[in-house]
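with the input below, show me the fold.
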Amino acid sequence: MWVTAGLQSLGWGRSPFVLCLFDRPAGRTPTRRHRTSSASASTPPDAPFPTFSPSHFRTRGVAAHNAGGTANNLPIWNLSRIRGILAAMSKEDAFPTAITYTAPNEIRIRGYAIEQLMGRVDFGQAVYLLLKGELPDQKIGRLITAMLVSSVDHGPSAPSVHGARLAASTGAPLNACVAAGVLNINRYHGGAIEDCARAILEVIGRADVKSITLEQATQEVLDEYKARKYRVAGFGHRLHTKDPRTDRLFTLAEEAGVCGQYVKTCRLIEAALAKQTGKPLPINVDGAIGAVLLELGFDLELMNGFFIMARVPGLIAQSREEATREKKMRRIVPGAHEYDGPPPRDLPS
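Reported below is the predicted structural model:
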């Protein structure tokens with residue numbers, strides 16, 4: 001993007017700010033470094049905003065194009081003026097942030113020095129600190145980490161993984177592959193965390209407003225959902241009849257002392273759905289995460305972010321495998337894969 005053309009288009013071509021950046025002091029002759037063979041020694045006062053000469057950009061390895069059609073001398077950069085103006089702009093345009101402080105040789109996350117956090121808090125605690133502003137105890141950190149591990153990957157058939165692999169098959173770089181996968185995380189894939197949390201809150205709110213039991217409120221809300229043909233998110237799974245991750249998360253929540261009314265309400269919805277539909281629709285990992293995040297006091301709008309954080313390492317691994325093991329531009333059919341990794345194994349006790 002050309003600086004000159006861009007600034008002219010914004011109406012800044014002759015502004016004091018721009019002129020001070022490119023102004024050549026009176027009587028000062030350009031150095032040999034800034035001269036071009038086709039340029040005059042100076043720019044007339046009424047000339048349009050000066051453009052860089054093609055030769056200047058060629059010396060820096062950048063493709064040159066003169067927007068005005070005329071090569072002008074590159075003026076002397078007035079570095080002291082630039083520093084002063086940028087400093088003034090930074091103070092005038094500064095916005096408040098309470099997350100991270102940075103200065104030469106110093107980084108602080110919510111007040112804590114980064115080197116003190118490194119090796120002393122786990123990733124779950126760091127995530128909690130960033131999002132909530134305070135450092136949780138180790139049990140809460142362990143619970144957050146378990147949430148992230150629970151959704152780190154779910155095989156090539158997951159829509160996010162399919163998107164990442166498809167991008168990798170075209171030769172896209174790693175960041176583009178991961179971005180393609182993340183962009184496939186939406187309401188019906190990964191978005192169930194927030195939606196389930198909203199359903200739980202609706203049940204609890206109904207019970208409070210109408211002074212009825214949670215069981216009665218659960219039934220009323222589910223009856224309304226059924227009448228609207230609205231599917232309750234966070235229950236049932238296209239593959240698992242019993243999600244192996246749900247009970248583990250709830251156990252860790254109990255150990256951390258955060259297994260209260262939200263988890264209870266989630267279980268009530270599970271039981272009421274089985275009665276309403278005539279078939280079991282067990283709480284899946286998204287529903288479990290939604291309930292636990294409510295227990296921890298997280299904002300609804302942040303909840304799906306946990307699935308994104310969790311899934312990125314899996315997207316990286318899947319993209320790399322696609323790029324290194326498979327043919328380029330192949331036809332990728334979801335579900336058409338065979339696992340050939342390590343056999344089942346257990347962690348040491």
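
below-threshold pLDDT in the stretch 1-150 of the chain: ranges please.
1-78, 86, 90 (pLDDT under 70).

repeat that with 80
Scanning the stretch 1-150 of the chain with the threshold set as pLDDT under 80 gives 1-92.

averaged pLDDT, the strand or helix carrying V161. What do you get?
Using DSSP states H and E, V161 sits in helix 159-169. Confidence for helix 159-169, expressed as mean pLDDT, is 95.

helices and strands around the next helix or strand after it, which ones?
Where DSSP H and E defines the elements, the next helix or strand beyond helix 159-169 is helix 174-183. Under the contact criterion of 3 or more C-beta pairs under 8 Å, 6 or more residues apart in numbering; DSSP states H and E, helix 174-183 touches helix 159-169, helix 300-325. No exception for glycine: its C-beta is placed from N, CA and C like everyone else's.

send the alpha carbons of the first one over as CSV?
Provided in CSV are the C-alpha atoms of helix 159-169 (Å, rounded to 0.1, in the frame of the first residue of the first chain):
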residue,chain,number,x,y,z
PRO,A,159,-16.5,-29.6,11.4
SER,A,160,-13.6,-27.4,12.7
VAL,A,161,-11.1,-30.1,11.9
HIS,A,162,-12.6,-30.8,8.5
GLY,A,163,-12.2,-27.1,7.6
ALA,A,164,-8.6,-27.0,8.8
ARG,A,165,-7.7,-30.2,6.8
LEU,A,166,-9.4,-28.9,3.7
ALA,A,167,-7.4,-25.7,3.9
ALA,A,168,-4.2,-27.7,4.5
SER,A,169,-4.9,-29.8,1.4
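
that helix vs helix 300-325, what angle?
Going by axes from the mean of the first three to the mean of the last three C-alpha atoms, to 10 degrees, helix 159-169 is angled at 40 degrees with respect to helix 300-325.

just the helices and strands packed on helix 174-183: most buried one?
When you average the neighbours per residue for each of the helices and strands packed on helix 174-183 (mean count of other C-beta atoms under 10 Å), helix 159-169 leads with a mean of 23.

distance from it to the middle of the chain?
Centroid displacement of helix 159-169 relative to its chain, using C-alpha atoms, centre = their mean, to the nearest Å, is 17 Å.

and the contacts of it?
153-156, 176-185, 189-190, 311, 314-315, 318-320, 322-323, 326-330, 332, 334 (C-beta atoms under 8 Å, 6 or more residues apart in numbering).

for K139, find the nearest of the helices and strands packed on helix 174-183.
helix 300-325 (17.5 Å; C-beta to C-beta).

now the angle from that closest one to helix 174-183?
If you take the same axes, to 10 degrees, helix 300-325 sits at 130 degrees to helix 174-183.

tell me which other helices or strands helix 300-325 touches.
Where contact means 3+ C-beta pairs under 8 Å, 6+ apart, helix 300-325 is packed against helix 138-150, helix 159-169, helix 174-183, helix 192-210, helix 285-295.

now, of those, which is deepest in the fold?
helix 285-295 comes out most buried of the helices and strands packed on helix 300-325 by mean count of other C-beta under 10 Å, with a mean of 27.

that helix to helix 300-325, inter-axis angle?
Going by the same axes, to 10 degrees, helix 285-295 makes 140 degrees with helix 300-325.

how big is the angle separating helix 285-295 from helix 192-210?
50 degrees.

how about residues contacting helix 285-295?
So helix 285-295 is in contact with 143, 147, 150-151, 190, 192-197, 200-201, 233-235, 243, 245-246, 249-250, 253, 258-260, 262-263, 265-266, 270, 283, 302-303, 306-307, going by C-beta under 8 Å, 6+ apart.

about what we covered before: show me the one of the helices and strands packed on helix 300-325 that comes nearest D346.
helix 138-150 (15.8 Å).

now the angle from that closest one to helix 285-295?
Using the same axes, to 10 degrees: helix 138-150 against helix 285-295 is 160 degrees.

mind giving me the packing neighbours of helix 138-150?
Packing partners of helix 138-150 (3+ C-beta pairs under 8 Å, 6+ apart): helix 123-132, helix 246-255, helix 285-295, helix 300-325.

same list (those) but as CSV, adding distance to A227.
Converted to CSV, the helices and strands packed on helix 138-150 look like this (distance: least, C-beta to C-beta, whole Å):
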stretch, distance to A227
helix 123-132, 36
helix 246-255, 28
helix 285-295, 22
helix 300-325, 24
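
for Y101, find the nearest of those helices.
helix 123-132 (13.1 Å).

got the CA coordinates for the closest one in CSV?
The C-alpha trace of helix 123-132 is given here as CSV (Å, rounded to 0.1, in the frame of the first residue of the first chain):
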residue,chain,number,x,y,z
PHE,A,123,-2.4,-22.7,31.9
GLY,A,124,-5.9,-22.9,33.4
GLN,A,125,-5.0,-20.5,36.1
ALA,A,126,-3.5,-18.1,33.6
VAL,A,127,-6.7,-18.2,31.5
TYR,A,128,-8.8,-17.5,34.5
LEU,A,129,-6.5,-14.7,35.5
LEU,A,130,-6.8,-13.1,32.0
LEU,A,131,-10.6,-13.4,31.8
LYS,A,132,-11.6,-12.8,35.5
